[in-house]
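Trainee: Build me a structure from this.
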Amino acid sequence: MNKTTKSRLALWLCLLILFALGTANAAAVDYSDQRNWACHGNTPGPTQAVDVFFVGPTTFFGNAAQFNLPLTDSEARRSFLGAINMEKGIYDAKANFYAPYYRQAALNVYRMDAGAAAPYFALAYQDVKAAFEHYLQHLNPDRPFILAGFSQGADMIVRLMKDKFRDPSLQERLVAAYAVGWRVTAEEIARYPQLRMARGEYDIGVIVSFNTEAPTLATSLSVPVKTLGINPLNWKTTGEYADKSLNQGAVFTGYDGRILKEIPHLTGAYLDPVRGTVKVTDIDAAAYPPVLDLFKPGEYHIYDYQFFYRNLQTNVRDRIDTYQQWNAIRPALKVAN
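Mentor: Below you'll find the model as predicted:
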């Protein structure tokens, strides 16, 4: 190891220690304060038998001095809520919808190497975990629920399942976890037996995950290694092509959640057996640019929900129905056993 490398390692170690000390001393977010929730169920109380606990995607760009979203920044909060509103309609037709504000890692953190970025994601997860624990204790002591997230939110959902879902009582209440726009590897499944990937459109207690890209893409920020996933058009984990006729509708929404444009049968797709990603076959890359320079042309990360909006909406309803049917006969099954 040369002198320059040693110096860099020493610098990163110092930064890591300083950040860890700062995190340990940082005031915890008070999730009993409803202002720390972007969405807080239905007012005045729950009206549905099932909940969604949703973790929002990365919306804060960050700067030279800020690497986590400051919860006191009103503009940052508006952008965060807007991104949630764009996806909320997939879930809330049959569920009470909860989504905490959290000190998410900023977009500039994704330009760091894993070691340097880790403390910022750790702070984000600290908030998500605290919000979920408050939610279970005070907002939903017994109802079944869906976990859902997009991008960094999906990453946080998977972390939450690794950390908290060894508990069989939580596993029994989980309808499904929609971890869209993030990777889940075979190594993670082997290490954490509570993680189970969806194998079809009706299974429950499973992770529903996919990452959308052009057929020519060989690597991406979200999927640098092979991931596990499912095709949201035919709900298969093998490589069969799903024609665009199965696409119930791509939906593009605004920050207020209203539909701006809907395109039935936008694209077909297949699950790539090499990368585990969903390859879309009828998309003009010029019409759907990556928007952020973190992503390459053909990396359709920001469109993961939008391209398959109606199929996901239907699937959420189907898994809730399946869960409720199973839950109705579960007591009899326990007696029989």
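
Trainee: can you map out the strands along the protein?
Mentor: For the chain, strands defined by DSSP state E occupy the ranges 37-40, 51-55, 96-100, 145-150, 174-180, 206-208, 212-213, 250-253, 259-263, 269-271, 278-280.

Trainee: For the last one, give me every contacting residue.
Mentor: The contact list for strand 278-280, computed with CB atoms under 8 Å, 6 or more residues apart in numbering, reads 210-215, 229, 231-232, 267-272, 300, 307. Every residue, glycine included, has its C-beta placed from N, CA and C.

Trainee: re earlier: could you say which of the strands of the chain is packed most deeply?
Mentor: For the strands of the chain, the largest average neighbour count (mean count of other CB atoms under 10 Å) is found in strand 212-213, namely a mean of 28.

Trainee: so where's the stretch 101-250 of the chain uncertain?
Mentor: Applying pLDDT under 70 to the stretch 101-250 of the chain flags no residue at all.

Trainee: just the helices in it please.
Mentor: 114-134, 152-164, 168-173, 186-191 (DSSP state H, counting those that start in this stretch).

Trainee: Would you convert those into a markdown table that also reports distance to residue 43 and mean neighbour count?
Mentor: Formatted as a markdown table, these follow (distance: least, CB to CB, whole Å; neighbours: other CB atoms under 10 Å):
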| stretch | distance to residue 43 | mean neighbour count |
| --- | --- | --- |
| helix 114-134 | 18 | 19 |
| helix 152-164 | 23 | 22 |
| helix 168-173 | 23 | 14 |
| helix 186-191 | 37 | 12 |
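
Trainee: Nearest to residue 281, out of those?
Mentor: Smallest distance to residue 281 across the helices of the stretch 101-250 of the chain (CB to CB): 23.7 Å, for helix 152-164.

Trainee: From the contact counts, what lies against the closest one?
Mentor: strand 51-55, helix 114-134, strand 145-150, strand 174-180 (3 or more CB pairs under 8 Å, 6 or more residues apart in numbering; DSSP states H and E).

Trainee: okay, it in CSV with CA atoms only?
Mentor: Output of helix 152-164 as CSV, limited to C-alpha atoms (Å, rounded to 0.1, in the frame of the first residue of the first chain):
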residue,chain,number,x,y,z
GLN,A,152,-33.6,4.5,-2.1
GLY,A,153,-37.0,3.8,-0.6
ALA,A,154,-36.8,0.2,-1.9
ASP,A,155,-33.3,-0.1,-0.5
MET,A,156,-34.6,1.0,2.9
ILE,A,157,-37.5,-1.5,2.7
VAL,A,158,-35.1,-4.3,2.1
ARG,A,159,-32.9,-3.2,5.0
LEU,A,160,-36.0,-3.1,7.2
MET,A,161,-36.9,-6.6,6.3
LYS,A,162,-33.4,-7.8,7.0
ASP,A,163,-33.4,-6.1,10.4
LYS,A,164,-37.0,-6.6,11.7
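
Trainee: ok so, going back, among the helices and strands packed on helix 152-164, which comes closest to residue 189?
Mentor: Among those, the nearest to residue 189 by CB to CB is strand 174-180 (12.4 Å).

Trainee: State the distance from residue 323 to residue 198.
Mentor: Distance of residue 323 to residue 198, computed by CB to CB, to the nearest Å: 13 Å.

Trainee: who has more neighbours, these two?
Mentor: Ranked by neighbour count (other CB atoms under 10 Å), residue 323 and residue 198 place residue 198 first, with 25 against 22.

Trainee: contacting residues for the closest residue to that one other than its chain neighbours?
Mentor: Nearest non-adjacent residue to residue 198, counting by CB to CB, 6 or more residues apart in numbering: residue 206, 4.2 Å away. Residues in contact with residue 206 (CB under 8 Å, 6+ apart) are 176-177, 196-199.

Trainee: Let's have the strands of the chain in CSV, adding distance to residue 115.
Mentor: Converted to CSV, these look like this (distance: least, CB to CB, whole Å):
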stretch, distance to residue 115
strand 37-40, 30
strand 51-55, 24
strand 96-100, 27
strand 145-150, 24
strand 174-180, 24
strand 206-208, 26
strand 212-213, 27
strand 250-253, 37
strand 259-263, 40
strand 269-271, 32
strand 278-280, 30
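
Trainee: Tell me which of those strands sits nearest to residue 80.
Mentor: Comparing those under CB to CB, the one sitting nearest is strand 37-40, at 6.3 Å.
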